[in-house]
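K.L.:
Have a look; sequence and predicted model below, questions after that.
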Amino acid sequence: MKKNILCALLALTLCLPLGLAGAESASWKQINQSLERGEDWVRIVEDTSAFRLGGLMPLEHSEGLYIGQWATYPSIDGSTVCVPMAMEWARQWLDLAEEDLNGFVNFSTTPYAYDRLTQGKPNPMVTIASRGIMMDDTHPVDLVVGTAPNADERKAAEEAGVKLVMVPICCDAFVFLVNADNPVNTLTADQIRGIYGGAIHLWSEVGGPEGLTIDAYQRPHGSGSQTAMEELVMDGFQLVAAQENYISMGMDDLIHQVGNYDNAPTALGYSYLYYVNGLYRSGSVKVLAVDGIEPTDENLQSGAYPFTVNYYAVYAEGNETAAAFAQWLISDEGQATIAQAGYVPLR
């Protein structure tokens, strides 16, 4: 049975272009950009002895196919928005070919990643296709890379007896999006809370066109962006539940809905700046300033942008493999790899 699964998965991975070969991963379905390394890519990690994969076990009765063992390189899962940085780490440490990166970086999105971490579950179907390798699918996830766990996820970890260690590794902006045809370019934090709290209903109340209602889209509870909306933006204020047709199941779906011609210029939504600029580009949406402050790199590193966020390396206390990798991520070398992947480093 395992032979059949591995053969099918390797065949799928080899046949699809980069950005689609990770079709088993929920994250790859929300990415429409090629993530191949650029022409200006440089090798940053020279000594690759610290984080390595383990040996190979031949798959019985299957010549040329293997089960790969995890060793000092952690099994990673996480948020869609962090896929490119995980690809860069695999380039640097494991010297993986470009066609193998999307099978190896097989993220399930935030809520599922945290469930795997706290329940000791594996990240299945992680492959190195060109070498005929499926990584050991019984090894639990060591490290989650992404947005911070929400209250439910923190409670689940506590109930499972797992103490989560959270190491901030880079900066991003939680941003608000409108249709490109909307004349509004900035909202205040209070206006945003008023809209999503049910006190503001019309664009004319926030400097927009007369006679148009605000169609405020949300994400499902448990998604990384919804956690940021609930805990960072609303910050104790009541978030009014969205109607079912105003809930976007994926970040790509939200951009489609906000950018849809039929929604111009009534729609409002939210996402992460890196996702909007690097993973799912669309000329039909624009990013708003908040309190007149643009989400520039400088404003993120200084914290001037009101909704500056961090991405984290999160692991269960006592996991030495994950702890060592997280410490490398905040070293100068680790921060340089994160910057090369297009993110805003901590410093």
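P.N.:
Everything's here; your move.

K.L.:
what stretches of this structure score poorly on pLDDT?
P.N.:
Along the chain, the model assigns pLDDT under 70 to residues 1-25, 32-34, 261, 263.

K.L.:
Apply 80 and report the result again.
P.N.:
Applying pLDDT under 80 to the chain flags residues 1-35, 224, 243-245, 249-253, 255-257, 259-264, 278-283.

K.L.:
Could I get the full set of strands for it?
P.N.:
Secondary structure of the chain (DSSP state E): strands at 56-58, 66-68, 76-78, 127-128, 133-135, 143-146, 164-179, 186-187, 215-216, 267-272, 285-287, 289-290, 308-316, 344-345.

K.L.:
just so I know, which of these lies nearest M229?
P.N.:
strand 267-272 (6.0 Å; C-beta to C-beta). Quick note: C-beta positions are derived from backbone N, CA and C, even for glycine.

K.L.:
Any chance of JSON lines for the strands of the chain, columns mean neighbour count and distance to G250?
P.N.:
Listed next are those as JSON lines, based on neighbours: other C-beta atoms under 10 Å; distance: least, C-beta to C-beta, whole Å:
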{"stretch": "strand 56-58", "mean neighbour count": "13", "distance to G250": "35"}
{"stretch": "strand 66-68", "mean neighbour count": "19", "distance to G250": "30"}
{"stretch": "strand 76-78", "mean neighbour count": "30", "distance to G250": "15"}
{"stretch": "strand 127-128", "mean neighbour count": "24", "distance to G250": "23"}
{"stretch": "strand 133-135", "mean neighbour count": "24", "distance to G250": "26"}
{"stretch": "strand 143-146", "mean neighbour count": "28", "distance to G250": "15"}
{"stretch": "strand 164-179", "mean neighbour count": "22", "distance to G250": "14"}
{"stretch": "strand 186-187", "mean neighbour count": "19", "distance to G250": "24"}
{"stretch": "strand 215-216", "mean neighbour count": "20", "distance to G250": "17"}
{"stretch": "strand 267-272", "mean neighbour count": "26", "distance to G250": "10"}
{"stretch": "strand 285-287", "mean neighbour count": "20", "distance to G250": "15"}
{"stretch": "strand 289-290", "mean neighbour count": "20", "distance to G250": "24"}
{"stretch": "strand 308-316", "mean neighbour count": "24", "distance to G250": "18"}
{"stretch": "strand 344-345", "mean neighbour count": "21", "distance to G250": "24"}
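
K.L.:
Select, out of the ones you listed, the one closest to I255.
P.N.:
The minimum distance between I255 and the strands of the chain falls on strand 285-287, with 5.8 Å, by C-beta to C-beta.

K.L.:
Just name whatever secondary elements the closest one is in contact with.
P.N.:
Using 3 or more C-beta pairs under 8 Å, 6 or more residues apart in numbering; DSSP states H and E, the elements in contact with strand 285-287 are strand 164-179, helix 251-259.

K.L.:
Which one, of these, ends up nearest to A289?
P.N.:
Ranking those by their distance to A289 (criterion: C-beta to C-beta) puts strand 164-179 first, at 9.1 Å.

K.L.:
Run me through the strand neighbours of the closest one, direction for each.
P.N.:
Strands that pair with strand 164-179, judged by DSSP bridges, come out as strand 267-272 (antiparallel), strand 285-287 (antiparallel), strand 308-316 (antiparallel), strand 344-345 (antiparallel).

K.L.:
Would you map the helices across the protein?
P.N.:
Along the chain, counting by DSSP state H, helices occupy 2-15, 83-94, 98-104, 110-119, 151-159, 189-196, 224-227, 251-259, 273-274, 297-302, 320-329, 332-340.

K.L.:
I'm done for today, thanks for sticking with me.
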